[in-house]
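Enquirer: coords below, sequence missing:
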């Protein structure tokens, strides 16, 4: 007796927007044929009939750039004799909030209360963009500029919050304390983020990985594109060593540096302007600024 195959769609499936998910029909059986002889077709928005846009394969990858609540998807399995069977399951795609961080320094004409801020934000989903920037400086007011210049009214510590909203309407916020102090010396070009006179602090300890991989860190301190000047999550360097090994930063000034974060499976993240994701590899994402906007100064 010839029997139909017994389709098994696996699931239910849950993924983040922009993230690939593996659909698995390996639980399918056929009393008359090996699975390698069967044809597998997936309808990822099943309404009772198979549409023209379907995915083929026993274990194909699927991805959605938009989030949606759990919906029915269907697997149709057909054997060499033309007999088929359909199984259904569900797939939910979750919204992913954008990444946000910021840094700050004093512009050259600052009296200590005028501060330049640098916002950094991006999305894990390549189809989303950052649609709005919302800064709250407390007594110093608000701004919608990605990189605003703000003058605080008096010496003191201020809670500064940056909120970004992406094109899907998802938002993320970060709050940091900014210490503003009127400068009395002639040297005004220094960061509010104080790194010390002898040892500038390089700190990537806020880096993280969604898969809890062990991360490694490499630093580019002379902005030559080579991450070979320091290593480690919190490396210790001195101005003397920097002057000896990187002549470009031998004098006072503001310099652009970068940190490259790698996970144990070959994933690498080293840019603040875009967050790359692979369909089969989850890259680390990190709560820190780097080459495009992270600046620091010798005092």
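Expert: Structure received. Worth saying up front: this structure is predicted, and the values here are computed from it rather than measured. Numbering: from 1, shown residues only.
Enquirer: Wait, a helix at residue 74?
Expert: No: going by DSSP: H, G, I helix; E, B strand; the rest coil, the assignment for residue 74 is strand, not a helix.
Enquirer: in terms of contact, does it touch residue 43 like I think?
Expert: Yes: applying CB atoms under 8 Å, one finds residue 74 in contact with residue 43, separated by 4.6 Å. Quick note: C-beta positions are derived from backbone N, CA and C, even for glycine.
Enquirer: how about stretch 150-165: buried residues?
Expert: Residues 150, 152, 158, 160, 162, 163, 164, 165 are the ones in stretch 150-165 that count as buried (16 or more other CB atoms under 10 Å).
Enquirer: Pull the most distant pair out of the residues you listed.
Expert: 152 and 165 (25.3 Å; CB to CB).
Enquirer: what about residue 170, how many neighbours?
Expert: 18 (other CB atoms under 10 Å).
Enquirer: Please name the nearest non-neighbouring residue to it.
Expert: Nearest non-adjacent residue to residue 170, counting by CB to CB, 6 or more residues apart in numbering: residue 97, 4.8 Å away.
Enquirer: contacting residues around the one you found?
Expert: By CB atoms under 8 Å, 6 or more residues apart in numbering, the contact list for residue 97 reads 166, 170, 171, 172.
Enquirer: the bottom helix or strand of the protein by mean pLDDT?
Expert: strand 285-286 (a mean of 32; mean pLDDT, DSSP states H and E).
Enquirer: beta partners for residue 16?
Expert: residue 94 (DSSP bridges).
Enquirer: Let me have the buried residues of stretch 150-165 in JSON lines, extended by distance to residue 137, secondary structure and pLDDT.
Expert: Listed next are the buried residues of stretch 150-165 as JSON lines, based on distance: CB to CB, whole Å; DSSP: H, G, I helix; E, B strand; the rest coil; pLDDT from 0 to 100:
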{"residue": "150", "distance to residue 137": "5", "secondary structure": "strand", "pLDDT": "93"}
{"residue": "152", "distance to residue 137": "7", "secondary structure": "coil", "pLDDT": "94"}
{"residue": "158", "distance to residue 137": "6", "secondary structure": "strand", "pLDDT": "94"}
{"residue": "160", "distance to residue 137": "6", "secondary structure": "strand", "pLDDT": "95"}
{"residue": "162", "distance to residue 137": "10", "secondary structure": "strand", "pLDDT": "95"}
{"residue": "163", "distance to residue 137": "12", "secondary structure": "strand", "pLDDT": "95"}
{"residue": "164", "distance to residue 137": "16", "secondary structure": "strand", "pLDDT": "93"}
{"residue": "165", "distance to residue 137": "18", "secondary structure": "strand", "pLDDT": "92"}
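Enquirer: Could you dump the residues you listed into a markdown table with distance to residue 102 added?
Expert: Shown next, in a markdown table, are the buried residues of stretch 150-165 (distance: CB to CB, whole Å):
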| residue | distance to residue 102 |
| --- | --- |
| 150 | 12 |
| 152 | 16 |
| 158 | 13 |
| 160 | 8 |
| 162 | 5 |
| 163 | 11 |
| 164 | 10 |
| 165 | 15 |
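Enquirer: From these, pick the one nearest residue 119.
Expert: Using CB to CB, the buried residues of stretch 150-165 come closest to residue 119 at residue 162, 5.6 Å.
Enquirer: In contact with the closest residue to the closest one other than its chain neighbours, which residues?
Expert: Leaving aside its sequence neighbours, residue 162 sits nearest to residue 102 (CB to CB, 6+ apart; 5.0 Å). Each residue near residue 102 by CB under 8 Å, 6+ apart is listed here: 117, 118, 119, 120, 160, 162, 174, 176, 289.
Enquirer: how much space between residue 102 and residue 163?
Expert: 11 Å (CB to CB, to the nearest Å).
Enquirer: OK, contacts around the residue lying closest to residue 180 once chain neighbours are set aside?
Expert: Of all residues not flanking residue 180 in the chain, residue 152 sits nearest, at 4.2 Å (CB to CB, 6+ apart). Going by CB under 8 Å, 6+ apart, residue 152 touches 113, 114, 115, 137, 139, 140, 158, 178, 180.
Enquirer: Done for today, thanks.
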